[in-house]
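Trainee: everything below, folded, please.
(chains A, B, C and D)
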There are 2 protein chains.
Amino acid sequence: MERKASVTIHDIARELNISASTVSRALNDNPRIRKSTKEKIKALALELGYQPNTIASNLRTQKTHTIGIVVPLINRHFFSTFISGVEDVAFDAGYNVIISQSKDLLQKEQQIVNSMFSNRVDGLITSLSMQTSAFEHFQLFANKNIPLVFFDRIAPGFEANKIIVDDFACGFKATQHLIDEGYQRIAHLAGPTVLNTYHDRMEGYKSALIKNNMPLEDELIICNRLTRMDGQEAIKKLLDLKNPPDAVFCGNDTSALSMIVYLKSQGIRIPEDFGIVGFSNEPFSEVVTPSISTLKQPAQEMGQKAAELIINEIENKELPRTYQTITMPTELIVRESSSRKFN
Amino acid sequence: MERKASVTIHDIARELNISASTVSRALNDNPRIRKSTKEKIKALALELGYQPNTIASNLRTQKTHTIGIVVPLINRHFFSTFISGVEDVAFDAGYNVIISQSKDLLQKEQQIVNSMFSNRVDGLITSLSMQTSAFEHFQLFANKNIPLVFFDRIAPGFEANKIIVDDFACGFKATQHLIDEGYQRIAHLAGPTVLNTYHDRMEGYKSALIKNNMPLEDELIICNRLTRMDGQEAIKKLLDLKNPPDAVFCGNDTSALSMIVYLKSQGIRIPEDFGIVGFSNEPFSEVVTPSISTLKQPAQEMGQKAAELIINEIENKELPRTYQTITMPTELIVRESSSRKFN
DNA sequence: AAAATAAATGCAATCGATTGCATTTGTGTT
DNA sequence: AACACAAATGCAATCGATTGCATTTATTTT
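Mentor: Residues are numbered from 1 along each chain as shown, chains lettered A, B, ... in the order given. Coordinates of the predicted model:
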C-alpha cells in the first residue's frame, strides 16, 4: 500500500547534500569518488531501499544488457534446453534474456524481430520459423551493427555468426548405420527442405546411399512437417508401396515415434523387420520400447556457445566483424529401434 | 556498416518543420492530430525507417510492457509449456516476456527477482525454487504494488494471486485409484514437503488411505528430490522392507519412470505385481512401456490464465486489489502402469 | 605561504519519447 | 467583420541515470 515513488539517486543526493553525479559514481564504484563518501552513500542507499532504474540507465548508455531469443516453439525440448544454455551464460555475464516464439509463422517472426529491435536488445539469437526463406526483417539488426547469431535453422548467405550441427554428416551417419545393420531399402522422412537442417540431412542420406551403391528412389523420400500425424501418414504411405522399405531415417524423433507406434500396431517387429532412426534425442526416445536410435545435438552447449559468441560481439563492438559458423559435434546414439544385434 | 544513429521523432519533426510532440502524437494515433498530418508523418517515418525507442518510452511512461517469469528450470516440460502459454497471451496483448531460471537455488532466485525489479517489469510470474521458504525478496514487488502471480509452487500466506492445481485432490485421486485397482500396500515418494505441491499431494495420499481404513506407515513414505537416481534409490529401499509395498504413488513422472526401469530389471511385472502412478504427464509417460498413469496439469492453460490475471492487474492498477487463488482442473490419466484391467 | 598538482565533487546536457498546458489556426455564427 | 469556440499544433518539463568538462578542495612541492 506504500504509494511513495521509488527512491532515486536524487533522493540520496538531497539527503546527503551532495550531487546526483557523485551518488551515481559512488554506486558504480567509480575511482573518482573517495572511499568514505562511497560508504556513506551506499549505506544510505541500502537504508532507503534504493533500487537502480535500469530503464533510465539503458536509455542513457544505449545498452540494455538484454539478449533476445526467437525460437519456433519454447516448449520443444531442443529449444528450451538451448535457451537454458543461453540463460546460464547470459546471467553470469549480467545479461537478461527475453524470449518469444514464432510458432513457425513468418509473420509472427517478423513482428517479434521488430519488437526486439525496438526494445533495443543488445543482440539477437534466433532459429528460423519453418516459413522463413527471406531475411529482410533481420537487416534492421545488420544495418545497425547489432550482433546476430543464427542457430540450427540458419539464414544461408546472411552475414552473421551461426551455430549449427553438421546435418549432412548426421544424415550420412544415420543412413550408413542402417545400411551397416543390414537394412536393404531405406526411406527418408524429411521436414521442409527450404530449411538448411532438413535439406542437409536429406543430402547426407542420399550421399550414404550413393556411396553404398544403393539406388536413390523418389518414392522413398517423403517431405512434411514431421508431426506425429505426419509420421503416421508417411509410414502408411511407405508400407503401401509396391516395393516398401525396411527402414526409415526420420527427420525428428516425434515422427520416428509415431512410426514405431504404427508399425507395432501392425505387428511389424522393430528392429527385426524394420529399422528406424530419428533425430534430436528427445527425452522419450531413450525410454520408449523399442528405444529410438537418434542423433543427439548438444542443445545446452549450443546455447552456451551462442551466448558466449554474442556477448563477445556485444562487448567488442569496435573490433572489425568476422563471422564464423561453428559446427557442434553430434552423436549417433544407437538404440533398439535400429540395432539388430541387440536381439 | 551504416553508422548513422537511429532515426528519432525529432528527425522526423525537423524534416517536416513541425514539433516532436506532434510526431509523437501522430505515431500514437492521438485524435488531436489531423488526419492529413498523421499520414504525412507516418509516410516519412516509414521512409526513414523509423523504429520507436521503447526504452525512452518506457522511462517516460513508467511502463515496460514486460512481464517477468522466474521458474526453477526452463527446460522442464511443465515449465516450458507454462511459459509458452504466458507468452501466447502476453504477445497478443502487446507484452514482452523476460525469463530466468532459479535452478532451484534460493540465492539465484533472489538475484533474479531483484534484477527483474530493477528492469521494472510490469508484473512477475513465478514458481518457487525448492529452497525457498521465506519470501522477503518478493516484498519489493508487493510494496510497490507491482502485480505478482505465483503458480504451482506458491508462497503460502503471501498476499498475491495464485494459480495452482488441487494437489491434495490429486494425491487423493491417485491413491484411491491404486486402491480401486486392488493394490494392498501403497507407498508414496514425495518431494520436499516445504513446498505446498508436494506437501498437499502427500496429504491427499494419506487422506485416501485413512478413508479406506488402510494404515499410514512412516516407512512407506520417502522424501527426496525426485530425480531419476532418487527414484531408483527409493524403490530399492521400499523393496528391501520386511513388508514391502505393492504400489507407489510418485511425486513426479521422472521418479516413476526410474522405478519402472528398476522393477522391470528385477523381473517384477507392472502392473500385475506392482502398480505405479506418477505426476505431471511428461511427454515420455504416454509412450514408455508400460505407459505411466499420471496426473495431468494443464500447463499451457495455467500459463495463459496467469498472463490474463497479471495483465488485468497491470491494466487496472487503480482498482483495489483482491487476490484470488485459482485452482485449475487436473485429470488422472490411467495408463498401463497401474491398470490391472488392461492385462 | 604561495604555487603547482592531484583528488574529489558538481554542473548541466543528454538519451528519446510523452504530456499538461499554452498558443495558434480554423470554422461557424450572427 | 467580429466574436466565440473548436481543432490542431507547439513549448518545455519530465522520466532517472550518466558523463564531459568545470570547479572546488586537498595535498605536495619549492
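
Trainee: use CA for all of it now, contacts and neighbours both
Mentor: Fine.

Trainee: next, count neighbours for A:Arg228.
Mentor: Look at A:Arg228: counted by other CA atoms under 10 Å in any protein chain shown, it has 17 neighbours.

Trainee: who touches it in this structure?
Mentor: Applying CA atoms under 8 Å, 6 or more residues apart in numbering or on different chains to A:Arg228 gives the contacts A:254-255, A:257-258.

Trainee: mind doing that once more with 7 Å?
Mentor: A:254-255, A:258 (CA atoms under 7 Å, 6 or more residues apart in numbering or on different chains).

Trainee: wait, which of these is closest to B:Phe284?
Mentor: A:Thr254 (11.0 Å; CA to CA).

Trainee: would you mind naming the helix or strand containing that closest one?
Mentor: helix A:253-265 (DSSP states H and E).

Trainee: CA-only coordinates of that helix, as CSV, when you get a sec.
Mentor: Once non-C-alpha atoms are left out, helix A:253-265 reads as follows in CSV (Å, rounded to 0.1, in the frame of the first residue of the first chain):
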residue,chain,number,x,y,z
ASP,A,253,12.1,-38.3,-33.1
THR,A,254,8.5,-37.4,-32.9
SER,A,255,7.7,-38.8,-36.4
ALA,A,256,10.0,-41.7,-35.6
LEU,A,257,7.9,-42.5,-32.6
SER,A,258,4.7,-42.3,-34.4
MET,A,259,6.0,-44.7,-37.0
ILE,A,260,7.0,-47.1,-34.3
VAL,A,261,3.6,-47.0,-32.7
TYR,A,262,2.0,-47.7,-36.1
LEU,A,263,4.4,-50.5,-37.0
LYS,A,264,3.8,-52.2,-33.7
SER,A,265,0.1,-51.9,-34.2
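
Trainee: please see if that helix touches chain B.
Mentor: No - counting by CA under 7 Å from any CA of the partner chain, chain B has no neighbours in helix A:253-265; the shortest distance is 8.4 Å.

Trainee: which residues sit against that helix?
Mentor: Taking CA under 7 Å, 6+ apart as the rule, helix A:253-265 contacts A:226-228, A:230-232, A:235, A:250, A:276-282, A:285.

Trainee: what subset of these is buried?
Mentor: For those, a neighbour count by 16 or more other CA atoms under 10 Å in any protein chain shown gives the buried set as A:226-228, A:230-232, A:235, A:250, A:276-282, A:285.

Trainee: let me know the pLDDT of the closest residue to DNA strand C within the stretch 151-300 of chain A.
Mentor: Nearest to DNA strand C, among the residues of the stretch 151-300 of chain A, is A:Ala160, at 24.3 Å (CA to the nearest atom of the strand). Looking at A:Ala160, its pLDDT is 94.

Trainee: by neighbour count, which of the contacts of A:Arg228 wins?
Mentor: Busiest of the contacts of A:Arg228 [other CA under 10 Å] is A:Ser255, holding 27 neighbours.

Trainee: just to revisit the earlier point, and the residue of the stretch 151-300 of chain A closest to DNA strand C, how many neighbours?
Mentor: The number of residues packed near A:Ala160 is 19, by other CA under 10 Å.

Trainee: is the residue nearest to it when sequence neighbours are not counted in a helix, a strand, or coil?
Mentor: Take A:Ala160 and drop its neighbours on the chain: the residue closest to it by CA to CA, 6 or more residues apart in numbering or on different chains is A:Tyr323, 5.5 Å away. Three-state assignment for A:Tyr323 (DSSP: H, G, I helix; E, B strand; the rest coil): coil.

Trainee: can you flag which of the buried ones among the contacts of helix A:253-265 belong to helices?
Mentor: A:228, A:230-232, A:235 (DSSP state H).

Trainee: in TSV, list those along with distance to DNA strand C and pLDDT.
Mentor: Output for these, formatted as TSV (distance: CA to the nearest atom of the strand, whole Å; pLDDT from 0 to 100):
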residue	distance to DNA strand C	pLDDT
A:Arg228	45	93
A:Asp230	45	97
A:Gly231	48	97
A:Gln232	50	97
A:Ile235	54	97
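
Trainee: in these, find the pair that's most separated.
Mentor: Within these, A:Arg228 and A:Ile235 form the most distant pair, 10.9 Å apart (CA to CA).

Trainee: tell me where chain A has helices.
Mentor: Taking DSSP H, the helices of chain A run over residues A:9-16, A:20-27, A:35-48, A:54-61, A:77-92, A:106-118, A:136-143, A:167-180, A:196-211, A:228-239, A:253-265, A:299-315.

Trainee: including distance to A:Ser293, could the ones you listed go into JSON lines?
Mentor: JSON lines is the format used below for the helices of chain A (distance: least, CA to CA, whole Å):
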{"stretch": "helix A:9-16", "distance to A:Ser293": "59"}
{"stretch": "helix A:20-27", "distance to A:Ser293": "55"}
{"stretch": "helix A:35-48", "distance to A:Ser293": "56"}
{"stretch": "helix A:54-61", "distance to A:Ser293": "48"}
{"stretch": "helix A:77-92", "distance to A:Ser293": "16"}
{"stretch": "helix A:106-118", "distance to A:Ser293": "32"}
{"stretch": "helix A:136-143", "distance to A:Ser293": "36"}
{"stretch": "helix A:167-180", "distance to A:Ser293": "9"}
{"stretch": "helix A:196-211", "distance to A:Ser293": "15"}
{"stretch": "helix A:228-239", "distance to A:Ser293": "16"}
{"stretch": "helix A:253-265", "distance to A:Ser293": "9"}
{"stretch": "helix A:299-315", "distance to A:Ser293": "17"}
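
Trainee: right, so of these, which gets closest to B:Met130?
Mentor: B:Met130 lies closest to helix A:77-92 among those, at 18.0 Å (CA to CA).

Trainee: list the buried residues of that closest one.
Mentor: Quick answer for helix A:77-92 (16+ other CA under 10 Å): A:77-91.

Trainee: same check on stretch A:7-17?
Mentor: Within stretch A:7-17, judged by 16+ other CA under 10 Å, the buried ones are A:8-13.
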